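Asks: no FASTA, just this:
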């Protein structure tokens with residue numbers, strides 16, 4: 001009896017697999033136009049994202065551009081050991097993590113706050129003006145944005161004028177010349193530049209919330225703050241979690257352009273991150289193996305953070321990327 005039952009189960013599972021495969025082929029046939037449209041993207045992804053991974057082999061070599069692949073000297077984990085024992089790289093890693101965490105927290109809080117604020121506005125004309133003003137900085141290049149930040153924080157900039165006028169400081173402050181202020185300046189600049197753009201997806205999530213929930217809450221006597229806290233925020237929960245997981249995957253991507261453009265010898269101990277380290281001590285000094293090792297370390301750590309954040313989210317009963 002057990003053998004017959006096992007055979008029946010096996011036959012049924014095979015039949016189910018065949019049925020699923022047939023359904024899959026049927027869907028592919030129905031959506032063949034969409035599949036054809038994805039082919040160029042898949043080719044682009046393979047050429048520019050997966051094929052260059054072959055270059056990671058340089059991290060385990062003393063790479064010399066003039067030599068062929070077979071002539072390169074293999075050194076194992078020499079460059080990784082150098083990075084982890086180098087105090088300068090550890091300082092750069094500290095700066096990268098600090099700026100990334102500041103950008104992550106400020107980016108989420110301000111974008112969600114702006115989305116909620118815009119959703120609660122009833123004057124459509126004023127709402128459109130606020131949206132337009134908040135979006136505009138995103139379309140500025142960092143060259144222009146960094147120049148505006150530099151002028152604003154200069155000795156005769158508007159920040160110093162306001163602070164001196166209201167006697168909040170005794171004399172003008174050289175903001176970009178004090179390293180301890182740099183992380184906060186970068187966080188504020190990133191927030192100013194991207195808050196409007198980041199709020200778009202939260203506004204889309206809010207628009208999907210059933211309006212009958214707000215009407216029922218009004219009938220029950222809920223205040224506006226209570227409606228935001230118990231309806232709007234929970235309605236954005238799934239989007240917030242997915243974006244948080246994705247941003248955690250970029251935890252070592254603190255940026256390059258703002259740090260490079262706003263950094264100077266006075267704040268270099270706080271402004272230099274991994275990307276600038278790779279440029280200065282890897283590519284500019286022709287130490288391609290060290291640059292590859294640093295970049296590979298950043299990618300692997302980001303990948304681990306992404307997988308860990310996704311698994312933690314799913315174990316807590318929330319959604320995930322996959």
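Replies: Thanks, I have it. Because the structure is a prediction, the values reported are computed rather than measured.
Asks: alpha carbons only for contacts and neighbour counts from here, please
Replies: Will do.
Asks: all helices in the stretch 101-250 of the chain, in order from the N-terminus.
Replies: Ranges of helices within the stretch 101-250 of the chain are 124-135, 142-152, 158-165, 182-207, 211-219, 224-227, 233-235, 237-248, based on DSSP state H, counting those that start in this stretch.
Asks: got those as JSON lines, with mean pLDDT, distance to residue 52 and mean neighbour count columns?
Replies: Converted to JSON lines, the helices of the stretch 101-250 of the chain look like this (pLDDT from 0 to 100; distance: least, C-alpha to C-alpha, whole Å; neighbours: other C-alpha atoms under 10 Å):
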{"stretch": "helix 124-135", "mean pLDDT": "89", "distance to residue 52": "34", "mean neighbour count": "14"}
{"stretch": "helix 142-152", "mean pLDDT": "93", "distance to residue 52": "27", "mean neighbour count": "16"}
{"stretch": "helix 158-165", "mean pLDDT": "90", "distance to residue 52": "45", "mean neighbour count": "15"}
{"stretch": "helix 182-207", "mean pLDDT": "92", "distance to residue 52": "30", "mean neighbour count": "20"}
{"stretch": "helix 211-219", "mean pLDDT": "87", "distance to residue 52": "48", "mean neighbour count": "13"}
{"stretch": "helix 224-227", "mean pLDDT": "88", "distance to residue 52": "50", "mean neighbour count": "13"}
{"stretch": "helix 233-235", "mean pLDDT": "88", "distance to residue 52": "40", "mean neighbour count": "17"}
{"stretch": "helix 237-248", "mean pLDDT": "87", "distance to residue 52": "22", "mean neighbour count": "18"}
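Asks: for residue 283, which of those is the nearest?
Replies: With C-alpha to C-alpha as the criterion, residue 283 lies closest to helix 142-152 of these, at 22.0 Å.
Asks: show me what that closest one is packed up against.
Replies: helix 257-262 (3 or more C-alpha pairs under 8 Å, 6 or more residues apart in numbering; DSSP states H and E).
Asks: quick one: contacts of the helix or strand following the helix it packs on?
Replies: Of the helices and strands lying after helix 257-262 in sequence (DSSP states H and E), the nearest is helix 268-271. With C-alpha atoms under 8 Å, 6 or more residues apart in numbering as the test, helix 268-271 has contacts from 91, 92, 95, 179, 180, 182, 183, 259, 260, 263, 264.
Asks: cool, stretch 63-80 as well?
Replies: With contacts defined as C-alpha under 8 Å, 6+ apart, stretch 63-80 is touched by 59, 60, 61, 62, 287, 288, 289, 290, 293, 294.
Asks: wait, doesn't the fourth one sit right on residue 291?
Replies: No: between residue 62 and residue 291 there is no contact under C-alpha atoms under 8 Å: 11.4 Å.
Asks: neighbour count for these two, which is higher?
Replies: residue 291 (25 against 18; other C-alpha atoms under 10 Å).
Asks: nearest residue to the more buried one other than its sequence neighbours?
Replies: Nearest non-adjacent residue to residue 291, counting by C-alpha to C-alpha, 6 or more residues apart in numbering: residue 282, 4.3 Å away.
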